[in-house]
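> no FASTA, just this:
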């Protein structure tokens, strides 16, 4: 009976999206346990990506929180988010990749670390800003 758990994957609970002043940050479905490629892990849709790009381009009433070095976070955690020591609670925000000017609306999540520590970025957010998945891009973080 213990082996049955391996055959029937249980999906982790989805997080509730954070409301932004412009649009909701879409919540993607979790990837299947057999995911192996970037496309299989990134379960966002083209519409999700268009929503966060448009919202980022029209963002208002935000505060620059600082710059951080970001590494790829847990690829099985779906959606557009950034875990960072630059915030103390979950809130809507935006990140920008100065290397190419790309920007995206994300859910900012606290990371228990000094402000000088790096951050972790979701796979879909990293793909939208076109940062190298195996790199350590420096990004700008804005909160609302």
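That came through, no problem. Just so it is clear, the structure is predicted and the values come from calculations on it, not from any experiment. Residues are numbered from 1 along each chain as shown.

> so what touches stretch 126-136?
In this structure, residues lying in contact with stretch 126-136 by CB atoms under 8 Å, 6 or more residues apart in numbering are 38, 42, 49, 52-53, 69-72, 80, 95-97, 99-100, 102-104, 118, 121, 123, 137, 139. Quick note: C-beta positions are derived from backbone N, CA and C, even for glycine.

> and stretch 137-144, which residues are buried?
Residues of stretch 137-144 classed as buried by neighbour count (16 or more other CB atoms under 10 Å): 137, 139, 141-144.

> ignore the last one, stretch 123-133
For stretch 123-133, burial by neighbour count (16+ other CB under 10 Å) applies to 123-129, 131.

> what about it, how long is it end to end?
One end of stretch 123-133 to the other measures 8 Å (CA to CA, to the nearest Å).

> repeat that for stretch 106-125.
Stretch 106-125 end-to-end distance (CA to CA) = 7 Å.

> for stretch 74-94, same thing?
Taking CA to CA as the measure, stretch 74-94 stretches 19 Å from start to finish.

> equivalent analysis for stretch 35-46, please.
19 Å.

> distance between it and the chain's centre?
Distance, stretch centre to chain centre, for stretch 35-46: 13 Å (CA atoms, centre = their mean, to the nearest Å).

> so for it, what's the average pLDDT?
Averaged across stretch 35-46, the pLDDT comes to 76.
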